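# Kindly return the folded structure for what I paste below:
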Amino acid sequence: ATNMATMVLVIVVALTASAAWGAAAPGNMNGLYTIANPAGRGVEFNSEYATRLGAEYFDVYSIPIESHYAQVYWTMMDPVPLDPAIVARFANKTMAIVGYEVDQVFRTPDGDKSVPLYWAYNHHYEAYIVGANSKLQEVTGNAMDNMGRNHGATTFWAPAPSLANPDGTPDVQYFSEGNGGEFRKSYHGYPQGFAQLVYSPSHFNLQPMQIDTRNRDYNGTGYKAWTLPAESLAPQDASYSGLLECPCTTRIVKKWNTTYATTATGTCATAVDSLDECVQAITSIATKPSSATQTSNFSLPTGCLMTAEPDGSIAAIFNTRVTPVDCGASGKVVGHTGSLVNLTVLLDSTVQGGEVQITITGPNGVWFGVGFNAQAMEDQPYTIIVDGTGNVTERKLGDHDSGVQLSPRQVTVVSNTVTGTLRTVVLRRAFKGISPSHYTFDPSVGTIPFINAYGSTPTLSFHKARTAASLSMASTGGKTCVCNMGTHGTINGLPFEHTCASEPTGDLLQQKNPTCFIQTYVGGQLCCKHGTILLDADQPVDNRTMQYNLKFRFWFQEYTRASPSKPASHQDLTRFYFQTEAYASEYDVVPCPASTSRQDCVQEISARFQVHQMTGCKSTDPTCYGRDVNLIYAGGHCHAPACISLELYNQDTGDLLCRQVPVFGTGQQEQFDEVGYLAGIPPCLWGNATEGLEPPMLLHWNTNLLSIKRNNNTFGHYGEMASWQMRGVFV
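Next up is the predicted model:
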């Protein structure tokens, strides 16, 4: 990875003044915490790690992160050995990590001073404690393959394969719960008897995403806006910086291209949206339409249609009415194009078995030919060759050679005429090829790629000219549909790979959320890569930098493995994950109409999934596949300043499993209380009644779940998130 500073971490082990390892160390780093679902039956939940669990801790500081105003810091830091005392104590043993805390700090002679979120915004972090027998490796995968690691980036870090240890516990642990702006006052702890277990802890890895939002010309308290790019959605009087939403600036280069294809059967999976786009689509795949008409006709297929006119031209029709009518319906489709040779293919389904008529016009006196369903000779296509005297043969081309002549010949010559310098042959044959080497024509295929060439001699020899082209098939009499086959593009040279799931899994695609399409994507993580300056090209970068540290406090206990008479001291917590934004990893909060009152401006998205989809368990793994789950911890993740709530339901029973409401800062406290920013998101926690907790939530492998996320959308926001980061055990 490319780093702005030497990525070496400093590990500081903190003990009480007279304590040795094994003694409890009092004092949460960030004070007390709340949870979303306390039992409320006489026993109050105690969030103090030392007094409730008797846990010890060690602190981890990164070396300073240095950044300019509006600069993004998002990279994996180099691994660093843990303190030798920790390594020695847990060599060939398992550490039980029962919770952790996080802050961003200035380290001063007078102690650590918390860095306010309006100076440095923690978009998210990914932290790991890695055992001596393992290491991390960078791999690729989509948002659900990697279970949300690296928050939607195209690569993420995962443990390299390692040998099993005597305790049968993990060699790597991953920490990501409540890991955005809510990170400091969101509880990251577990009930008694549960932990994240790691064998022979050896080193620490950290991959933070930080955005520098500090106004260098203002030293007062609270947020004061400074230079913002044009795409920033923060209103003028906002208490937060629009930079934290990663607006795409004029420094970002965005490119895309939409492809289209025709179909004469069924309907389009993705329709063309307008008459203008319809004309553009037909022009790109065939020729410019001779006419273009918009209609609302119940007897026609919906969307963009093209039809062959008697004079050979193509007409464009855009039907705005939603109808059940399939494309085609005349039984005949035709394609015509001019390339090195002129080619017309007419497919007639009204004839028993289907009949194709092929018309080829090329130069008289020399050979010419067409190879179907190919873009190069190496595709080894079925090919029709017409020699200089008009003789017709069929061949199976080789890889850059003439291949073999097919016998018997399937095509019948209907006519063979010469006009001036051009020869035209009309051929007929059945749709289905008489051998595997003969191409089978399919009237449902909207586009037929082909190669064509001609020579300089009457008999087949090396070509004088060759090229690839394609035929777009249109219904004659009926209407051929023109379909949107997708838009592909890049942002700063990297592929745009947002995948928005269709209903019922997710509803961003149905809502046409701007994050799903590169054409409308104007803010979010894809415009926020490491080192990016979130200013427009004409806005200068201030040369003053800021330095600070990320600080982790890990709370741990000794682990005792199971014996014949006694279970293990702790159960290892498996990470479970799903996104309400369903594979997109982020989404836009779209502003409500200006006339709507603030309390009525609510945007809602939802996702439906089954328990097994959140486990990441493969069918080849008998330790988890098909097993039920006890849910122990559920933490939602969202960003300031619009997050209202996250809810998780058992859709089979209608029961609300977890409801999380973020706590926003008021500015009344000295730290962790910035106005307009999240102070924390209390998670749901299940355990024992003696700790003031509800019992663990049992979920079956195929239980249907429903997630609902609500945001205030008085103003628009980019890069919002709605993921569930959970922990539990298989039962």
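# Show residues contacting whichever helix or strand residue 156 is part of.
Element membership of residue 156, judged by DSSP states H and E, is strand 155-159. Strand 155-159 is contacted by residues 76, 126, 128, 130, 134-141, 146, 149-150, 170-172, 205, 207 when judged by CB atoms under 8 Å, 6 or more residues apart in numbering. C-beta coordinates here come from the backbone N, C-alpha and C atoms, glycine included.
# Which among the residues you listed count as buried?
76, 126, 128, 130, 134-136, 146, 149-150, 170-172, 205, 207 (16 or more other CB atoms under 10 Å).
# quick one: which of the residues you listed is nearest residue 369?
residue 146 (49.0 Å; CB to CB).
# that older thread, just the residues contacting the helix or strand that the strand holding residue 156 is followed by, thanks.
Once the chain leaves strand 155-159, the next helix or strand it forms, by DSSP H and E, is strand 172-175. Strand 172-175 has contacts (CB under 8 Å, 6+ apart) with 97, 100, 126-131, 134, 136, 149, 159, 188, 196-198, 552, 575.
# Any stretches of the stretch 351-500 of the chain with poor pLDDT?
477 (pLDDT under 70).
# Quick one: the strands in it, in order.
355-363, 368-372, 382-386, 392-398, 401-405, 412-419, 422-430, 447-455, 463-472, 474-475, 480-491, 494-495 (DSSP state E, counting those that start in this stretch).
# ok, now the stretch 501-650 of the chain?
Counting by DSSP E, counting those that start in this stretch, the segments of the stretch 501-650 of the chain that form strands are 545-558, 571-572, 574-579, 587-589, 602-610, 629-637, 643-650.
# among those strands, which is the most enclosed?
Among those, strand 587-589 has the highest mean neighbour count (mean count of other CB atoms under 10 Å), at a mean of 27.
# Show the average pLDDT along that strand.
Average pLDDT, strand 587-589: 97.
# How about the longest helix along the chain, which residues are buried there?
If you go by DSSP state H, the chain has its longest helix at helix 275-285. Within helix 275-285, the residues scored as buried using 16+ other CB under 10 Å are 275, 277-282, 285.
# Can you tell me which of these lies closest to residue 408?
Using CB to CB, residue 285 comes nearest to residue 408 of the buried residues of helix 275-285, at 35.0 Å.
# Looking at the residue nearest to residue 290 when sequence neighbours are not counted now. What's its pLDDT?
Distance criterion CB to CB, 6 or more residues apart in numbering; nearest residue to residue 290, sequence neighbours excluded, is residue 313 at 3.9 Å. Listed pLDDT for residue 313 reads 82.
# now swap in the one 4 residues further on and tell me
What the model reports for residue 317 is a pLDDT of 95.
# next one: residue 83
The model reports residue 83 with a pLDDT of 88.
# That one - how many residues pack around it?
By the measure other CB atoms under 10 Å, the count of residues near residue 83 is 14.
# do residue 464 as well
15.
# Quick check: the closest residue to it other than its chain neighbours vs residue 368, distance?
Excluding the flanking residues, the one nearest residue 464 by CB to CB, 6+ apart is residue 456, at 4.4 Å. Distance, residue 456 to residue 368, by CB to CB, to the nearest Å: 11 Å.
# Look at those two and report which has more neighbours.
Set side by side, residue 456 and residue 368 show more neighbours around residue 368, with 27 against 14, by other CB under 10 Å.
# Please give me every residue in contact with that one.
Contacts of residue 368 by CB under 8 Å, 6+ apart are 340-341, 360, 362, 385-386, 452-455.
# Then residue 472?
By CB under 8 Å, 6+ apart, the contact list for residue 472 reads 261-262, 285-286, 306, 335, 337, 446-447.
# Next: residue 380.
Contacts of residue 380 (CB under 8 Å, 6+ apart): 374, 396-399, 403.
# Out of these, give me the one that has the most neighbours.
residue 397 (23 neighbours).
# hang on, the earlier thing: list the helices and strands the helix or strand just after the longest helix of the chain packs on?
Of the helices and strands lying after helix 275-285 in sequence (DSSP H and E), the nearest is strand 291-295. Here strand 291-295 touches helix 275-285, strand 314-319, going by 3 or more CB pairs under 8 Å, 6 or more residues apart in numbering; DSSP states H and E.
# looking at these, which is closest to residue 656?
Among the helices and strands packed on strand 291-295, helix 275-285 sits nearest to residue 656 (CB to CB), with 43.3 Å.
# Okay, angle between that closest one and strand 291-295 too, please.
Angle, helix 275-285 to strand 291-295, by axes from the mean of the first three to the mean of the last three CA atoms, to 10 degrees: 140 degrees.
# what residues does helix 275-285 touch?
258-262, 272, 288-289, 292-294, 303-306, 314, 316-318, 447, 470, 472, 482, 484.
# Filter these down to the buried ones, ChimeraX style.
Selection of buried members from the contacts of helix 275-285 for ChimeraX, criterion 16+ other CB under 10 Å:
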select :258,260,261,262,272,289,303,304,305,306,314,316,317,318,447,470,472,482,484
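# for residue 648, what are its contacts?
Neighbouring residues of residue 648 by CB under 8 Å, 6+ apart: 634, 656-659, 705-707, 724.
# Check residue 322 too.
If you count contacts by CB under 8 Å, 6+ apart, residue 322 has them with residue 302.
# quick thing: my sequence starts at 17, can you match it?
With the count now opening at 17, the last piece we talked about shows up as residue 338.
# Just say helix, strand or coil for it.
Classification of residue 338 using DSSP: H, G, I helix; E, B strand; the rest coil returns coil.
# And the pLDDT for it?
91.
# next one: stretch 127-141 to chain centre, how far?
27 Å (CA atoms, centre = their mean, to the nearest Å).
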